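Visitor: predicted model and sequence follow; I will ask about them next.
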Amino acid sequence: MSDFFHSSLYQLLSAGYGETTARDIARGFSMPRCVTMRVNTLKSDVEYIKGRLDEVGIGYIGVPWYGDALVMPKAREDDIRALDIYADGKIYLQNLSSMIPPLLLEAGEGDCVLDMTAAPGGKCAQIAALTANKAQLTACEKDKIRTERLKYNIARQGVRAYVMNADATKLSDMFSFDKILLDAPCSGSGTVRISDRGVSGAFSDKLLRNSVRLQKALLTKALTLLKRGGRLVYSTCSVLADENCGVLSAVLPRFDAEAVPVPKDRFEGVPLLPTEIDGAITVCPDGLYEGFFAAVIVKR
C-alpha cells in the first residue's frame, strides 16, 4: 500500500481532500469488498430470492435505503453466478454505489427516459424495474461490442428498451427526454483496488484529462436533449472534483439548469465525502461501496 501514497492519484486526493481524508479513501481502496446484488423485480421479488439464498446456505443482509438490494458478506461472485436465479436474470450483481443514480432519477411510468452511456446495462435494467417496464426507455452505447453486451444483459433481465449503437455526443438535437441518466465514462478513481502486490487499476493524468473533456461534451449534449422541467442525474465512479463538481461548474452556467439537493437522510449509512456543490453526493470507498459521485440537475 505504501506505493499508492507516492502515486499521482494519491497526490490529487490529498490536494483535494486533505491528508486525513485522503488516507481514509486509501483505506477504503484496500478493503476487500463484499458481494452485492440487486433483485430484478421484473422477474422476481426479494422474498423469493431470500428463500433461494437460504436454500443454498448463502447468508445475506438488507440495505436500509433500498429494499431490492442485498449484501452477501461471505459469498464470492462465482458462488452467485452459479445459481439459477442469476442465469435466469432474477438477480444482477451490482455495487451498491451504482444503484444510487437510478433511484435519484425518479423516472416514472410513461416518462421518456435516456440512459446515455448505458453499457453494460445494470442501471438501465434498474430503471426499467423501478418503472415496471412502463417508461419509454432508450439506451445508448457508442462501442459496438459493449452494445452487444448491453443488449444481452437487459434481454436476460426482461427489460423493454430501444438500444442505440451511437456516440451520445452526436445524438440529434431533435430528440427530447423527460429524464436522462448520464453515468459518464471516467478515470475510475473511485474503483481503485490496493493489495499487498500494489495498485490494481489504470489511472493516469492523461486519462483524467481525456475523461473531463468527454464528460463536458456529454453533459452539454444531455442538457440540450433534456426537456424544460426535466431531471438529469450526472454520475461517475470517480472521487476527483475535476470530473464531478468541476464538470458541473463548467457546463451548468451555459444552461438554465441547477443542481438540486439530495435529502441528507436518503441514503442511510452510506459513507460520504465532502462535496463542493450543495446537494451532490460523493461516496467514500469502503468494504461495501465503490467511490462514486452523483448529482441531480433540473432544467428550468
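Guide: That came through, no problem. Numbers count the residues shown, from 1 in each chain.
Visitor: tell me the mean pLDDT over stretch 288-300?
Guide: Per-residue pLDDT over stretch 288-300 has a mean of 97.
Visitor: now swap in stretch 261-272 and tell me
Guide: Mean pLDDT, stretch 261-272: 91.
Visitor: list the buried residues in that stretch.
Guide: Of the residues in stretch 261-272, 262, 267, 270, 271 count as buried by neighbour count, 16 or more other Cβ atoms under 10 Å. Quick note: C-beta positions are derived from backbone N, CA and C, even for glycine.
Visitor: with stretch 164-171 instead?
Guide: So, applying 16+ other Cβ under 10 Å, buried residues of stretch 164-171: 164, 165, 168, 169, 171.
Visitor: show the contacting residues for the last one.
Guide: Yep, that's residue 171 we're talking about. Counting by Cβ atoms under 8 Å, 6 or more residues apart in numbering, residue 171 touches 140, 164, 221, 225.
Visitor: ok, now the second one?
Guide: With contacts defined as Cβ under 8 Å, 6+ apart, residue 165 is in contact with 141, 142, 144, 147.
Visitor: residue contacts, residue 212?
Guide: Contacts for residue 212 (Cβ under 8 Å, 6+ apart) come out as 242, 243, 246, 247.
Visitor: residue 131 is in contact with residue 102, correct?
Guide: No: if you go by Cβ atoms under 8 Å, residue 102 and residue 131 don't touch, sitting 9.6 Å apart.
Visitor: neighbour-wise, which of those two wins?
Guide: Neighbour count, other Cβ atoms under 10 Å: between residue 102 and residue 131, residue 102 has more, with 28 against 23.
Visitor: pLDDT wise, what is that one at?
Guide: Predicted confidence (pLDDT) for residue 102: 98.
Visitor: and stretch 108-116, how far apart are its ends?
Guide: 17 Å (Cα to Cα, to the nearest Å).
Visitor: check which residues of it are buried.
Guide: Across stretch 108-116, burial judged by 16+ other Cβ under 10 Å covers 111, 112, 113, 114, 115, 116.
Visitor: does the most centrally placed residue in the chain fall in a helix, a strand, or a coil region?
Guide: Closest residue to the average C-alpha location of the chain: residue 98 at 3.2 Å, with Cα atoms, centre = their mean. Classification of residue 98 by DSSP: H, G, I helix; E, B strand; the rest coil places it in helix.
Visitor: where does pLDDT dip in the protein?
Guide: For the chain, the stretches with pLDDT under 70 are 1-2, 196-201.
Visitor: following element in sequence after the longest helix along the chain, please.
Guide: The residue-count maximum for a helix in the chain (DSSP state H) belongs to helix 205-225. For helix 205-225, the following helix or strand on the C-terminal side (DSSP states H and E) is strand 226-236.
Visitor: what is the helix or strand just after that next one packed up against?
Guide: Once the chain leaves strand 226-236, the next helix or strand it forms, by DSSP H and E, is helix 245-251. Packing partners of helix 245-251 (3 or more Cβ pairs under 8 Å, 6 or more residues apart in numbering; DSSP states H and E): helix 205-225, strand 292-299.
Visitor: pull the distance from helix 245-251 to the chain's centre.
Guide: Relative to the centre of its chain, helix 245-251 is centred 18 Å away, using Cα atoms, centre = their mean, to the nearest Å.
Visitor: buried ones in it, by neighbour count?
Guide: Using 16+ other Cβ under 10 Å as the test for burial, helix 245-251 gives 245, 246, 247, 248, 251.
Visitor: separation between the third one and residue 4?
Guide: If I follow you right, that is residue 247. The gap separating residue 247 from residue 4 is 25 Å, by Cβ to Cβ, to the nearest Å.
Visitor: try the fourth one
Guide: With the distance defined as Cβ to Cβ, residue 248 ends up 28 Å from residue 4.
Visitor: same thing with the second one?
Guide: Separation of residue 246 from residue 4 (Cβ to Cβ) stands at 23 Å.
Visitor: now swap in residue 189 and tell me
Guide: Plainly put, residue 189 is 12 Å away from residue 4 if you go by Cβ to Cβ.
Visitor: element containing the residue sitting furthest away from the middle of the chain?
Guide: Most distant from the centre of the chain: residue 55, at 30.8 Å, with distances by Cα atoms, centre = their mean. Taking DSSP H and E as the definition, residue 55 sits inside helix 46-56.
Visitor: mind listing the strands whichever helix or strand comes after that helix pairs with, and their directions?
Guide: Going down the chain from helix 46-56, the next helix or strand is strand 61-63, by DSSP H and E. Partner strands and pairing direction for strand 61-63 (DSSP bridges) are strand 66-72 (antiparallel).
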